[in-house]
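[1] take this sequence and fold it.
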Amino acid sequence: MQNALASVRKIVSIAWLPAFLTIAGFLAYILRAVEIARTKTSFLDEGLYLYKGYLFANGLQTPFADYGLWTNHAILSFLIPGYVQKWFGPGLETGRYFMIFLSMFTLLGLWVFAKRWGNAWWATGVVWVMVLNPAEIKIHTLAISEGMIAALLVWIVVLVVGENRPLSQILLGAALTAPLVLTRENMAFVPPILFLYIFWQHGWKAGLLAMLCAGILFLAGNAFYFPENLKFWAIRVPDFPFSFLQAWKMPNAGGTSIPEPEASNLYRMVLYFLLTFRLHFISLVSALTVWLLLPFRDIRPISERMRAVLFLSVLLIVLYIAHVQVAFFGEFCISCILLYVGYFDFLGLMLLVIAAPVLLKQLTPLRQAIIFVVVSLLILGIGFSSHEDLSSDFAKAMIERLDGTYIWGAMIHYITSVPQLILFRVTFVLLVSALVIIIGAILLVFVYRRYKGRQLAGGKTGILALNLFLILGLILSPTKVLGLGNDFFDCGGTNVFASYRKAGTELSQVIEPGSKIYWEGRIPAIFLYMPNVKVYPPQLNHVHSYFMGGESNVLLRYGQWNDELARQWLEEADYIMIQNTEKVYLTDEMLESGKYVKVMSAPRAEKCRWQSVIQIYKRVDAAQ
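    Numbers count the residues shown, from 1 in each chain. This next block holds a predicted model:
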């Protein structure tokens, strides 16, 4: 044992090794990110950010304009990817490669922060935590706002947090909160928390200047589209004290929106809440570790380090709760929480780096018991969140063997509302999770008894358990157990960029430039490869902007559509493009009415999804 420790110390003492491993980590991240970017399917939001941004940047549409595109997110979330495509060409690959470029700044910020507050090995470790988690890389390489926010937020923290920070850096960090909020409106929680920290740590002068700097930039950013952008902010801010914005809200146009299938689904809320800890394990559990080991009784006097710990803790908790609320109870996109956590989960890593020197080294029996309960619940929760990944063939084979047994029959009898496949999967993963807890408890008892009276005795057993839990999570992050699990964007290793280019090329060969397109589908990224067509703007958001009935003029003015507008557009459109299974207003009878004739089925934009086939119909009088 002593020889092994001596060897470890010798390796750690090599001066150039951390820098070498850091460079290797950046290279590994780039290679992994490029592979992930090429092989992940696109989805509605990604296509909207890219295509709307492209239209805005090229002057083909105006943000917030009446009767134009629905600008349903903060403006920079569209303009940034839009101008990148204007400069380098439209397409999924442009957007995703730009996000990889941005993620390098996120990694660099984490490295700088960890090196400043910890040491070179802490900095290297933080980089490799990001490298080894495919779920994190996936989120930061998709062309959505998560990667942009992460790059901004990490540098805000780097520039501002700490004692004796240069005033220029504090003001720059505060200034970055303006593009932060103008990219993602839910990040409006960040500036007030940040300003309070600046007042607390850096004094009144720095605080007032920081607020002034951020406020001027935020107002300047809004001035470009004032007053039309008030339509956006009117529905994002509370009625009080912003009652003067009520006039800019969309009037009640009547009609009925199509309900979201995930709304008010408690089972899926629990599942996706637990999946956040599974897919972002190290980042979130690092924060839990800090809170479990924080010396609350000895917190005074509050040092520079403790101020930073409290600031990051509040920031992480507020952002997590805010995005859970939006995902579960606001927009009713329950699964979106898996993406939203990517905005800020790395704060947990930064928190661990800062807090490590002040964390407790000895724990009371009560705190150890709390740690055991928390770790056990996490294991059970992660196990439960993986039940959908359990092989259905294995589950069905086991159900056949269990059929007729007393225990299985009793479970079926008393839990009749749960399908047998789900019941077996949940039961199996929970039993395996319980076995892991038991084995872990036995190992800790063994360690305690073997080293009783030595370093690992008594109050250090709980710390050992947390450390082993984090190490095990780091090892398992690149596997299906944690970071590679629940990969609903996976496309089986196929080149999604190539398949989109092929589908777009074939569509462009059939559909003439300038044609009016009636569109029903959820992959608007396809229009990046046929930029000369004209799509009816409200249809880009698919079912999310569709109403049955209602006042058509009011809906259209605010970027929405309904059945009456659909009928009107069908009378004037040159082509219908409809993605398999994504019909909103169209029916088979209408497609077979004789007004349109089918001209082709485009190849799959995503080879792993048969639903990505697009059917093309041409208006008969245009076809003659």
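
[2] who's in contact with the helix or strand containing Leu271?
    For Leu271, the host element (DSSP states H and E) is helix 266-279. Residues from elsewhere that reach helix 266-279 (CB atoms under 8 Å, 6 or more residues apart in numbering): 133, 135, 262, 284-285, 324, 327-328, 334-335, 337-338, 341, 378, 381-382, 384-386, 388, 482-483, 485-486. For every residue, glycine as well, the C-beta is placed using N, CA and C.

[3] please repeat the previous calculation with a cut-off of 6 Å.
    By CB atoms under 6 Å, 6 or more residues apart in numbering, the surrounding residues in contact with helix 266-279 are 135, 262, 284, 328, 334-335, 337-338, 341, 381-382, 384-385, 482-483, 486.

[4] cool, stretch 38-54 as well?
    69, 77-78, 81-82, 85, 90, 92, 95, 142-144, 489, 491, 493, 495, 497, 522-525, 527-528, 606.

[5] among the residues you listed, which ones are buried?
    The neighbour count (16 or more other CB atoms under 10 Å) marks 69, 77-78, 81-82, 85, 90, 92, 95, 142-144, 489, 491, 497, 522-525, 527-528, 606 as buried among these.

[6] follow-up on the earlier one: and the next helix or strand after the helix holding Leu271 with helix 266-279, angle?
    Per DSSP H and E, the first helix or strand lying C-terminal to helix 266-279 is helix 281-293. Angle, helix 281-293 to helix 266-279, by axes from the mean of the first three to the mean of the last three CA atoms, to 10 degrees: 90 degrees.

[7] quick one: buried residues of helix 281-293?
    281-290, 292-293.

[8] quick revisit: in helices, which of the contacts of stretch 38-54 fall?
    Judged by DSSP state H, the contacts of stretch 38-54 include 77-78, 81-82, 85, 92, 95, 497 as members of helices.

[9] contacts only, for Ser601.
    613, 615.

[10] dig out what it forms beta bridges with.
    Under DSSP bridges, the beta-bridge partners of Ser601 are Gln615.

[11] let me have the buried residues of helix 281-293 in JSON lines, extended by pLDDT and distance to Asn532.
    Below are those laid out as JSON lines (pLDDT from 0 to 100; distance: CB to CB, whole Å):
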{"residue": "Phe281", "pLDDT": "96", "distance to Asn532": "46"}
{"residue": "Ile282", "pLDDT": "96", "distance to Asn532": "46"}
{"residue": "Ser283", "pLDDT": "96", "distance to Asn532": "43"}
{"residue": "Leu284", "pLDDT": "96", "distance to Asn532": "46"}
{"residue": "Val285", "pLDDT": "96", "distance to Asn532": "50"}
{"residue": "Ser286", "pLDDT": "96", "distance to Asn532": "49"}
{"residue": "Ala287", "pLDDT": "97", "distance to Asn532": "49"}
{"residue": "Leu288", "pLDDT": "96", "distance to Asn532": "52"}
{"residue": "Thr289", "pLDDT": "95", "distance to Asn532": "54"}
{"residue": "Val290", "pLDDT": "96", "distance to Asn532": "54"}
{"residue": "Leu292", "pLDDT": "94", "distance to Asn532": "58"}
{"residue": "Leu293", "pLDDT": "94", "distance to Asn532": "60"}
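
[12] closest to Pro513 out of these?
    Ser283 (46.9 Å; CB to CB).

[13] OK, contacts around that closest one?
    Contacts of Ser283 by CB under 6 Å, 6+ apart are 345-346, 348-349.

[14] do Val129 as well
    Ile282.

[15] quick one: which of the ones in helices among the contacts of stretch 38-54 is nearest to Phe469?
    Using CB to CB, the ones in helices among the contacts of stretch 38-54 come closest to Phe469 at Ser77, 36.0 Å.

[16] near the residue nearest to that closest one when sequence neighbours are not counted, how many other residues are there?
    Closest residue to Ser77 in three dimensions, ignoring its sequence neighbours and counting by CB to CB, 6 or more residues apart in numbering: Ser145, at 4.3 Å. Per other CB atoms under 10 Å, the neighbour tally for Ser145 reads 27.

[17] tell me the pLDDT at Ser145?
    For Ser145, the model assigns a pLDDT of 96.

[18] show me what the lengthiest helix in the chain packs onto, helices and strands only.
    If you go by DSSP H, the chain has its longest helix at helix 420-450. Contact analysis of helix 420-450 by 3 or more CB pairs under 6 Å, 6 or more residues apart in numbering; DSSP states H and E lists helix 365-385, helix 392-402, helix 461-476 as its packing neighbours.

[19] tell me what angle that helix forms with helix 461-476.
    Going by the same axes, to 10 degrees, helix 420-450 makes 130 degrees with helix 461-476.

[20] can you give me the buried ones in helix 420-450?
    420, 423-430, 433, 436-437, 440, 444, 447.

[21] all strands of the protein, in order?
    Per DSSP state E, the chain carries strands over the ranges 256-257, 516-520, 534-535, 546-548, 561-562, 575-579, 596-602, 614-619.

[22] so which of the ones you listed is the most packed in?
    Stretch with highest mean neighbour count among those: strand 561-562 (a mean of 26; mean count of other CB atoms under 10 Å).

[23] for the record, mean pLDDT for that strand?
    If you average the pLDDT over strand 561-562, you get 94.

[24] need the strands of the chain in JSON lines with distance to Val161, can you?
    JSON lines is the format used below for these (distance: least, CB to CB, whole Å):
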{"stretch": "strand 256-257", "distance to Val161": "43"}
{"stretch": "strand 516-520", "distance to Val161": "46"}
{"stretch": "strand 534-535", "distance to Val161": "45"}
{"stretch": "strand 546-548", "distance to Val161": "45"}
{"stretch": "strand 561-562", "distance to Val161": "46"}
{"stretch": "strand 575-579", "distance to Val161": "46"}
{"stretch": "strand 596-602", "distance to Val161": "50"}
{"stretch": "strand 614-619", "distance to Val161": "49"}
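
[25] confidence score at the residue positioned nearest the centre of the chain?
    By CA atoms, centre = their mean, the chain has its centre lying nearest to Leu339, at 1.6 Å. Leu339 is assigned 93 on the pLDDT scale.

[26] now do the contacts for it.
    Contacts of Leu339 (CB under 6 Å, 6+ apart): 139, 146.

[27] tally of neighbours for the nearest residue to Pro357 once chain neighbours are set aside?
    Spatial nearest neighbour of Pro357, chain neighbours left out: Arg305 (7.0 Å); criterion: CB to CB, 6+ apart. Residues lying near Arg305 (other CB under 10 Å) number 16.

[28] now Arg305: how far from Val353?
    10 Å (CB to CB, to the nearest Å).

[29] ok, now Arg401?
    Taking CB to CB, one finds Arg401 at 49 Å from Val353.

[30] among the two, which residue is more densely surrounded?
    Shown here are Arg401 and Val353; by other CB under 10 Å, Val353 has more neighbours (25 against 9).

[31] what's the pLDDT at that one?
    97.

[32] buried ones in stretch 586-593?
    Quick answer for stretch 586-593 (16+ other CB under 10 Å): 586, 590-591.

[33] end-to-end on that stretch?
    11 Å (CA to CA, to the nearest Å).

[34] which residues touch it?
    Here stretch 586-593 has contacts from Glu520, using CB under 6 Å, 6+ apart.

[35] again, only using 7 Å
    Stretch 586-593 is contacted from outside by 520, 578, 617, using CB atoms under 7 Å, 6 or more residues apart in numbering.

[36] make JSON lines out of the residues you listed and add pLDDT.
    Below are the contacts of stretch 586-593 laid out as JSON lines (pLDDT from 0 to 100):
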{"residue": "Glu520", "pLDDT": "94"}
{"residue": "Ile578", "pLDDT": "94"}
{"residue": "Tyr617", "pLDDT": "93"}
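
[37] with distance to Tyr406 added, can I get these in CSV?
    Output for the contacts of stretch 586-593, formatted as CSV (distance: CB to CB, whole Å):
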residue, distance to Tyr406
Glu520, 52
Ile578, 52
Tyr617, 59
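
[38] which ones are touching the residue nearest to Glu506 when sequence neighbours are not counted?
    Spatially, and ignoring its direct neighbours in sequence, Glu506 is nearest to Ala602 (5.6 Å; CB to CB, 6+ apart). Contacts for Ala602 (CB under 7 Å, 6+ apart) come out as 503, 506-507, 613-614, 616.
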